[in-house]
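S.K.: Sequence and predicted structure below; questions after.
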2 protein chains.
Amino acid sequence: MKVISGDKVIYKFSPDMKAVESISPGDVIKVETNDCFYQQITSEDQVLTEIDYDRLNPATGPIYVEGAEPGDLLKVKIVSIDVKDKGVAAVVPNEGALGDQVTKPIIRVLSIEDNNAIFHGVNLPIKPMIGVIGVAPSEEDGPRATDSPWKHGGNMDTTDIRAGSTLYFPVNQKGALLALGDCHAIMGDGEICFTGLEVPAEVTLEIDLIKDKTIKWPLVETDEYTMVISSGDNLDEAVYEATSQAVNHIKDSLDIEWEDAYILASLTVDLKISQVVDPKMTVRAAIPKHVVSTEKLLESL
Amino acid sequence: MKVISGDKVIYKFSPDMKAVESISPGDVIKVETNDCFYQQITSEDQVLTEIDYDRLNPATGPIYVEGAEPGDLLKVKIVSIDVKDKGVAAVVPNEGALGDQVTKPIIRVLSIEDNNAIFHGVNLPIKPMIGVIGVAPSEEDGPRATDSPWKHGGNMDTTDIRAGSTLYFPVNQKGALLALGDCHAIMGDGEICFTGLEVPAEVTLEIDLIKDKTIKWPLVETDEYTMVISSGDNLDEAVYEATSQAVNHIKDSLDIEWEDAYILASLTVDLKISQVVDPKMTVRAAIPKHVVSTEKLLESL
């Protein structure tokens, strides 16, 4: 199994970035990821403004997938996410959903033992997830800093991007050029304060290719749903994009009129908030598999 | 058990509305509710613009609760929601999350049999919920049409307002003056097209009073969460309000600093979308009970 080491990182998803490793469809790989601070924070006494802000949100990669061409889908199954035994959370004035109410910066470093962290006496069973994961964007979308989400993926900060889930990305460049980082041991939907419990991790992925199919925004498949993950300058824009795609997927998969698909979405699709704190905001429109199976949805593309 | 019949309805939650029935704390009551069209739609061939728009979103009540005074909480446990055997969904140009993409109005009337509806071959197990439920608003908030949600409740269109859940409302007027209607047999989070599967229903409620406690926005308690339900002119405003209250509840319940409560919320609170299609939009900030129990939260008020 190939291992992509955590010192090979990017800070931008660029159309023309250079791969650090090459793999084939069907490969299972291990990716070492850094926390969003590149492990610069080790103590609660550190001064947040003194860390190197050029080293935030490193993503390990990019990884070249043989045979991937623009117009294909990259399929990424998350086999496992093994997080380290210490996580960091932080509050910074003017950051997060309630940034205007923050009176002082604070850092909290929490130990993780037996899959639990403890904070103020509250037991927190960890639920590891990947914050940043994506592929090279199109020329049109241009380079995108790793702290922001968009059509290529990026900082989607979506709790459903966890072990057992499968992601589907549009391939925009030859080789797809996958990179990932910014794992969280635990985070609520929304990522209210602007960090989760930030941790380095070892992520095992199974990579595959679906030829000649394309999507506008990434999908994540869970046991129950296929979800369209969309971002926008505010939640309303993100909702509009995710909903548009979800209704189209239902229409095309079931071969029904758009208005009927709109009703079926209203009765069954759950709009979920991913995060409200990054440069763009992210939601997901979750289509239940009993309405449209992921297989049927992919076939209809 | 007192029964409030479905012909006693309001179209506005007003500070000075007149009660149609009086009950005592501890009473279990049955409320007959109308669908959001007041059952004016019975066929898919009807013309939507020809129904009486002055009769949309009727709420049955108001019900006077003995002993309820401004500054108390009204506790409403939803014992059961029995929906009728036929539901209506509709699409109208310029309505819903994708109103600009609608090319024509359509009505769909679905039969409900053995707790299932079928639409385009897809089986839809029903999950009955109450769309409109609230109390008299404060003078400051003024009269509020039943089609809109606000601090008094109203058209919150929240899927978690279902059998087994418990609502908590701020009492703004003597007797609280509860009213409800607009049940949905099934609806996804978001209510994308602007209707759920709209049905008349019989709702059984257990009403209680918590003296001398107050909240800014309604709460709904489920098995897993205590949720703050907030509304705003857009989702971002609604998120700000719900998140502010959730962080304050955590801070007060655990007696910790605001910044630590902000982090704990970021790690554990789930922001959820209720609806994006009413005159105001609604979200809920879901505090897991293992972080703060509902009992502890209420004690801290």
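M.R.: Looks like it arrived, so ask away. Numbering: from 1, shown residues only, chains lettered A, B, ... in the order given.

S.K.: hmm, the longest helix belonging to chain A in reach of chain B?
M.R.: Assignment by DSSP state H gives helix A:235-254 as the longest helix of chain A. Yes: Helix A:235-254 lies within reach of chain B by CB under 8 Å from any CB of the partner chain, at A:Leu235, A:Asp236, A:Val239, A:Tyr240, A:Thr243, A:Ser244, A:Val247, A:Leu254. Every residue, glycine included, has its C-beta placed from N, CA and C.

S.K.: Determine the number of other residues adjacent to the third one.
M.R.: A total of 27 residues lie near A:Val239 under the criterion other CB atoms under 10 Å in any protein chain shown.

S.K.: pretty sure A:Gly131 is in contact with A:Gly154, am I right?
M.R.: No: with contact defined as CB atoms under 8 Å, A:Gly131 does not count as touching A:Gly154 (9.5 Å).

S.K.: Helix, strand or coil: sort out A:Lys272 for me.
M.R.: Per DSSP: H, G, I helix; E, B strand; the rest coil, the local secondary structure of A:Lys272 is strand.

S.K.: Tell me the bridge partners for it.
M.R.: Counting by DSSP bridges, A:Lys272 forms beta bridges with A:Arg284, B:Lys272.

S.K.: Check what pLDDT it gets.
M.R.: For A:Lys272, the pLDDT comes out at 98.

S.K.: didn't it look like it was pressed against A:Thr282?
M.R.: No: the pair A:Lys272 and A:Thr282 does not pass the contact test of CB under 8 Å, sitting 9.8 Å apart.

S.K.: quick one, which of the two is more surrounded?
M.R.: Comparing A:Lys272 with A:Thr282 by neighbour count (other CB under 10 Å), the higher total belongs to A:Thr282, at 29 against 25.

S.K.: And the strands in the stretch 151-300 of chain A, which stretches?
M.R.: For the stretch 151-300 of chain A, strands defined by DSSP state E, counting those that start in this stretch occupy the ranges A:153-155, A:166-170, A:176-184, A:198-199, A:201-210, A:219-221, A:225-232, A:270-275, A:281-288.

S.K.: I'd like those strands as CSV, with distance to A:Lys75 appended.
M.R.: Putting these into CSV (distance: least, CB to CB, whole Å) gives the following:
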stretch, distance to A:Lys75
strand A:153-155, 13
strand A:166-170, 6
strand A:176-184, 10
strand A:198-199, 25
strand A:201-210, 4
strand A:219-221, 9
strand A:225-232, 13
strand A:270-275, 20
strand A:281-288, 17
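
S.K.: For B:Gly61, find the nearest of those strands.
M.R.: strand A:270-275 (29.8 Å; CB to CB).

S.K.: I'd like to check the angle between the closest one and strand B:270-275, please.
M.R.: Per axes from the mean of the first three to the mean of the last three CA atoms, to 10 degrees, the angle that strand A:270-275 makes with strand B:270-275 is 140 degrees.

S.K.: now for strand A:270-275, which elements pack on it?
M.R.: Helices and strands touching strand A:270-275, by 3 or more CB pairs under 8 Å, 6 or more residues apart in numbering or on different chains; DSSP states H and E, are strand A:225-232, helix A:235-254, strand A:281-288, strand B:270-275.

S.K.: got a markdown table for these, with distance to A:Pro143 too?
M.R.: Shown next, in a markdown table, are the helices and strands packed on strand A:270-275 (distance: least, CB to CB, whole Å):
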| stretch | distance to A:Pro143 |
| --- | --- |
| strand A:225-232 | 16 |
| helix A:235-254 | 21 |
| strand A:281-288 | 19 |
| strand B:270-275 | 30 |
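
S.K.: closest one to A:Ser148 among those?
M.R.: strand A:225-232 (7.9 Å).

S.K.: Helix, strand, or coil at A:Lys75?
M.R.: A:Lys75 is classified as strand under three-state DSSP.

S.K.: Against B:Thr42, how distant is the residue lying closest to it once chain neighbours are set aside?
M.R.: Nearest non-adjacent residue to A:Lys75, counting by CB to CB, 6 or more residues apart in numbering or on different chains: A:Asp208, 4.1 Å away. Look at A:Asp208 and B:Thr42: by CB to CB, to the nearest Å, they are 51 Å apart.

S.K.: Of those two, which one has the most company?
M.R.: More crowded of A:Asp208 and B:Thr42, by other CB under 10 Å: A:Asp208, with 16 against 12.

S.K.: So the more buried one is in contact with A:Ile23, correct?
M.R.: No: counting by CB under 8 Å, A:Asp208 does not reach A:Ile23; the two are 10.6 Å apart.

S.K.: Was I right to think A:Trp150 contacts A:Pro143?
M.R.: No: using CB under 8 Å, A:Trp150 makes no contact with A:Pro143, being 10.7 Å away.

S.K.: out of these two, which sits in the busier spot?
M.R.: Shown here are A:Trp150 and A:Pro143; by other CB under 10 Å, A:Trp150 has more neighbours (23 against 15).

S.K.: which residues touch that one?
M.R.: If a contact means CB atoms under 8 Å, 6 or more residues apart in numbering or on different chains, then A:Trp150 has A:Pro137, A:Asp141, A:Arg144, A:Ser231, A:Lys280 as its contacts.

S.K.: how many other residues sit next to the third one?
M.R.: Under the neighbour criterion other CB under 10 Å, A:Arg144 is assigned a count of 23.

S.K.: Not counting sequence-adjacent ones, nearest residue to it?
M.R.: A:Arg144 sits nearest to A:Phe13 (CB to CB, 6+ apart), 4.9 Å away.

S.K.: OK, contacts around that neighbour?
M.R.: Contacts of A:Phe13 by CB under 8 Å, 6+ apart are A:59, A:134-137, A:143-144, A:146, A:152-154, A:177, A:179.

S.K.: For the closest residue to A:Asp72 other than its chain neighbours, grab the count of nearby residues.
M.R.: Of all residues not flanking A:Asp72 in the chain, A:Val171 sits nearest, at 4.4 Å (CB to CB, 6+ apart). Residues lying near A:Val171 (other CB under 10 Å) number 27.

S.K.: Kindly report the same for A:Ala185.
M.R.: Per other CB under 10 Å, the neighbour tally for A:Ala185 reads 30.

S.K.: show me what contacts the residue nearest the centre of chain A?
M.R.: Central residue of chain A (CA atoms, centre = their mean): A:Met156, 4.0 Å from the mean position. With contact taken as CB under 8 Å, 6+ apart, A:Met156 is in contact with A:Gly131, A:Val132, A:Ile133, A:Gly134, A:Pro149, A:Pro218, A:Ile229, A:Ser231, A:Ser274, A:Gln275, A:Thr282.

S.K.: Compare the residues you listed and tell me which is most surrounded.
M.R.: Of all the contacts of A:Met156, A:Ile133 has the most neighbours under the rule other CB under 10 Å, reaching 33 neighbours.

S.K.: Doesn't it lie inside a helix?
M.R.: No: using three-state DSSP, the secondary structure at A:Ile133 is strand, not a helix.

S.K.: Spatially, what comes nearest to it if we skip its sequence neighbours?
M.R.: A:Ile133 sits nearest to A:Leu180 (CB to CB, 6+ apart), 4.0 Å away.

S.K.: in the sheet, who's paired with that neighbour?
M.R.: In beta-bridge terms (that is, DSSP bridges), A:Leu180 pairs with A:Thr60, A:Ile133.

S.K.: Give me the pLDDT value at it.
M.R.: 99.

S.K.: and A:Asp233, how many neighbours does it have?
M.R.: 10.

S.K.: got it, and A:Ser148?
M.R.: 18.

S.K.: show me the contacts for it.
M.R.: A:Gly154, A:Asn155, A:Ser231, A:Asp278, A:Pro279, A:Lys280.

S.K.: Buried ones only from these, please, as a PyMOL command.
M.R.: The buried residues among the contacts of A:Ser148 can be selected in PyMOL (16 or more other CB atoms under 10 Å in any protein chain shown) with this line:
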select buried, chain A and resi 154+155+231+278+280
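
S.K.: Thanks a lot, see you next time.
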